[in-house]
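> Predicted model, plus sequence, below.
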Amino acid sequence: MVHSIEAFDFLGDLNEEEKNYLQKHLKPVSIPKNTILFYQGDTTKEILLLTKGSIRLYIQGEGINEIELYVLNPMEQCIVNTTSAINLTPAIGSALTLTDIEGYMLDREIVLELMKTNEKYQSYIFSLFTVRLDTLAKLLESVKFKQMDERVFEYLQNQQKNPFHITHEEIAQALGSNRVVISRALKKLEREGILKLSRGSITIL
C-alpha cells in the first residue's frame, strides 16, 4: 500500500502557508530493494519521509556482527537519518532497504525552518527521539543482560505474524550473532515447547 504525504501526523499541525512551503520542496524518490541509503559514519543532508516499503537500520563495530537497531515502516521518520541531518553529525548506523521503497526527500534547511516557525512541528521532531531512544534502550538492555534464547524469542514475538518464514541467518544478522548460536537457541526453545521449527518457517506455540 502506498501512502501519500498527507498521511503523516505532523501535516495537521501546519498552517496552509507551511503546508505549501513543505509541498514545494518535497522530492519524490523510488529506491529498489537492497540499496544502502547511507552508511554508519556518513553525514546525511536530506531527511526521508517513507510512504512505502521498509528499511533496516543497523550498527556494526569493528570485528563484530551487525546488530539491528530497528526497522522503519511507512509513515515513520528515521531518527538516525533525522539526527544526522539536523545536527550535521555522523550517522550512528547504516540504512538498507528491505523492499522497494517510495517516499519524499526533504532538505535539512526546510526541516529546520519549519521547526523554527512551528512549535508543534518542533515537538513532533523531538517526539521521534523519545520513541526511538526507548527502543534503543531496550535493545541495549537485551544485549547486555538477556540470554540468547530470550532475545530470539522476543525478536520473534515482535515480528507480529505467526507462523512466519525467516532463516536462522536472518535472525542472526538482526541480533548481531551467528547462525550456529541462533540454531542452538531455537532448538532449546523448541525442546521447551515454546515454538515449533519447520523447514523455512517458525511457529510460536
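Received it, and whenever you're ready, just let me know what you need. Numbers count the residues shown, from 1 in each chain.
> so who does residue 100 touch?
For residue 100, the contacting residues are 30, 31, 32, 33, 52, 53, taking C-beta atoms under 8 Å, 6 or more residues apart in numbering as the criterion. C-beta: built from backbone N, CA, C; applies to glycine.
> top of these by neighbour count?
Neighbours here are counted as other C-beta atoms under 10 Å. On that basis the top member of the contacts of residue 100 is residue 53, with 20 neighbours.
> excluding its backbone neighbours, what's nearest that one?
residue 101 (3.2 Å; C-beta to C-beta, 6 or more residues apart in numbering).
> still on that earlier bit, tell me which of the contacts of residue 100 is nearest to residue 17?
Looking at these and their distance to residue 17, the nearest is residue 52, at 28.1 Å (C-beta to C-beta).
> picking that back up, so which of the contacts of residue 100 belong to strands?
Secondary structure of the contacts of residue 100 is defined by DSSP state E; positions in strands are 30, 31, 52.
> Now pLDDT too, for those residues, in TSV please.
As requested, the ones in strands among the contacts of residue 100 are exported to TSV (pLDDT from 0 to 100):
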residue	pLDDT
30	96
31	96
52	94
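> Now tabulate the residues you listed in a markdown table and tack on distance to residue 97.
As requested, those are exported to a markdown table (distance: C-beta to C-beta, whole Å):
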| residue | distance to residue 97 |
| --- | --- |
| 30 | 11 |
| 31 | 6 |
| 52 | 11 |
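> And the residues you listed, which is closest to residue 69?
residue 31 (19.2 Å).
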